[in-house]
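Asks: take a look and give me a structure for this.
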Amino acid sequence: MAIALYMDVHVPQAITEQLRRRGIDVLTAFEDGAKELPDDQLLERVTELRRVLFTQDIRFRVLAETWCRENKKFSGLIFGHQLGGTIGQFVKDLELIAKASEPDEWINTTEYIPFK
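Replies: Next up, the predicted model:
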C-alpha cells in the first residue's frame, strides 16, 4: 500500500500535478480548505487524514522535531528546502517515497529531500 501525500501551501503546483500524472494520491491544503490553518493545526489535520505532509516551510521541520520530543503523534513529514532541488528532483523523490513505503513507517518521522 502506497502512502498518500498532503501538500503544504508553499509547494509549487507543478509538483502536485506531476505526482498525480504518476498515479500518486495527493491532496493540497488549498483543496482541503486548510490553507490558512496554523502549522500545528495543519499537522493535526494531516495526521487525521493519515497523509504524509510535504512542505518547503522550515517551521514545519522545527514543529515536527518538537512533537517528536514531546511524544505527540503525527503522520510524517517530508521537508524539501525551496533552494535544495529542482521540481523534477522533488517529484522523483516523492514518487519513490509514496510508492515504496507504508503509512505506519512514517509515524513521527521526518525525511529531507532531495536525496543526494
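Asks: confidence score at the most far-flung residue of the chain relative to its centre?
Replies: No residue in the chain sits farther from the centre than residue 70, which is 20.4 Å out by Cα atoms, centre = their mean. For residue 70, the model assigns a pLDDT of 93.
Asks: which residues of the chain score low on pLDDT?
Replies: 1, 116 (pLDDT under 70).
Asks: what is the longest helix along it packed up against?
Replies: Ranked by number of residues, the top helix in the chain under DSSP state H is helix 87-100. Helix 87-100 sits against helix 13-21, with contacts defined as 3 or more Cβ pairs under 8 Å, 6 or more residues apart in numbering; DSSP states H and E. Where C-beta positions appear, they are placed from N, C-alpha and C, glycine not excepted.
Asks: spit out the contact partners of the residue farthest from the centre of the chain.
Replies: Contacts for residue 70 (Cβ atoms under 8 Å, 6 or more residues apart in numbering) come out as none.
Asks: ok, back up a step: which helices and strands does the next helix or strand after the longest helix of the chain pack with?
Replies: If you walk from helix 87-100 toward the C-terminus, the next helix or strand you reach (DSSP states H and E) is strand 110-112. The elements that strand 110-112 packs onto, with contact taken as 3+ Cβ pairs under 8 Å, 6+ apart, are helix 58-69, strand 77-79.
Asks: again, 6 Å this time
Replies: For strand 110-112, the packing partners by 3 or more Cβ pairs under 6 Å, 6 or more residues apart in numbering; DSSP states H and E come out as strand 77-79.
Asks: and the strand it packs on, how far out from the chain middle?
Replies: Using Cα atoms, centre = their mean, to the nearest Å, the mean C-alpha position of strand 77-79 is found 5 Å from that of the whole chain.
Asks: list the contacts of that strand.
Replies: Residues outside strand 77-79 that contact it (Cβ atoms under 6 Å, 6 or more residues apart in numbering): 53, 54, 61, 64, 110, 111, 112.
Asks: brilliant, that's me finished.
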